[in-house]
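> fold the following.
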Amino acid sequence: MAAAKKTVLTVLFVVSLGLNVAAGAFLATQWMKHGYGHSRGSGWFDRHAALSTLSDSEKDAIDTLWRDKRGQMKAIYRDYRTARQDLARLLGQPELDLPAIGATQQQMTTYRRQIDTLMQGAFLEMARSLPPEKRQTFFQQGFARQKWNHHKDQRDD
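Down below sits the predicted model:
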């Protein structure tokens, strides 16, 4: 009985170890392929790719600008997420409260406009802080289309 229990525990340990190694390998390849935190942020500007075009001192200056805006954006994103959860709750109710749904959607639109305004201000500050030759490369890299979407240009013609 004890030998059977030991065998089962050994098998479970090996399976667990294998799953953990596989999960770790998957996460490592995702990090190497996309970079840490790649999917965070706006989704339409890849700050990490843009920063890769700059010197260390320029990166520090851009990071300082970004950190200044990030605190403001975090609060608005938090409010936006709360409103989105409220909307999901309202839409899932047996009786639809159309005025409340409309007000929540309007609130979400206001938050998105505030975020967009902050982002555009941050982009303008970044552009002003960089010399023209660096500015072009920085923004071309940041706004480059993602690899998974590279055929879209051909379909739009």
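> what comes up buried for stretch 94-113?
The neighbour-count check on stretch 94-113 (16 or more other C-beta atoms under 10 Å) flags Thr104, Gln107, Met108, Tyr111 as buried. To be clear about C-beta, it is placed using only N, CA and C from the backbone, and glycine gets the same treatment.
> again, but for stretch 48-65
Counting neighbours by 16+ other C-beta under 10 Å, stretch 48-65 gives Ala49, Ala50, Leu51, Thr53, Leu54, Glu58, Ala61, Ile62, Leu65 as buried.
> hang on, the first one packs against Gln140?
No - in terms of C-beta atoms under 8 Å, Ala49 does not count as a neighbour of Gln140; the distance is 9.6 Å.
> residues in contact with the spatially closest residue to Thr104 that is not a sequence neighbour?
Leaving aside its chain neighbours, Thr104 sits nearest to Leu87 (4.7 Å; criterion: C-beta to C-beta, 6 or more residues apart in numbering). The neighbours of Leu87, taking C-beta atoms under 8 Å, 6 or more residues apart in numbering as the test, are Ile101, Thr104, Gln105, Met108.
> narrow these to those in helices?
Ile101, Thr104, Gln105, Met108 (DSSP state H).
> what's the burial count for Trp66?
For Trp66, the neighbour count with other C-beta atoms under 10 Å is 16.
> next: Lys6.
Lys6 has 10 neighbouring residues, counting by other C-beta under 10 Å.
> can you put the buried residues of stretch 94-113 in TSV and add pLDDT and distance to Glu133?
Formatted as TSV, the buried residues of stretch 94-113 follow (pLDDT from 0 to 100; distance: C-beta to C-beta, whole Å):
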residue	pLDDT	distance to Glu133
Thr104	94	46
Gln107	94	42
Met108	93	40
Tyr111	93	36
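> adding distance to Gln72 as columns, could you present those residues in CSV?
Formatted as CSV, those follow (distance: C-beta to C-beta, whole Å):
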residue, distance to Gln72
Thr104, 22
Gln107, 18
Met108, 18
Tyr111, 12
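> much appreciated, bye for now.
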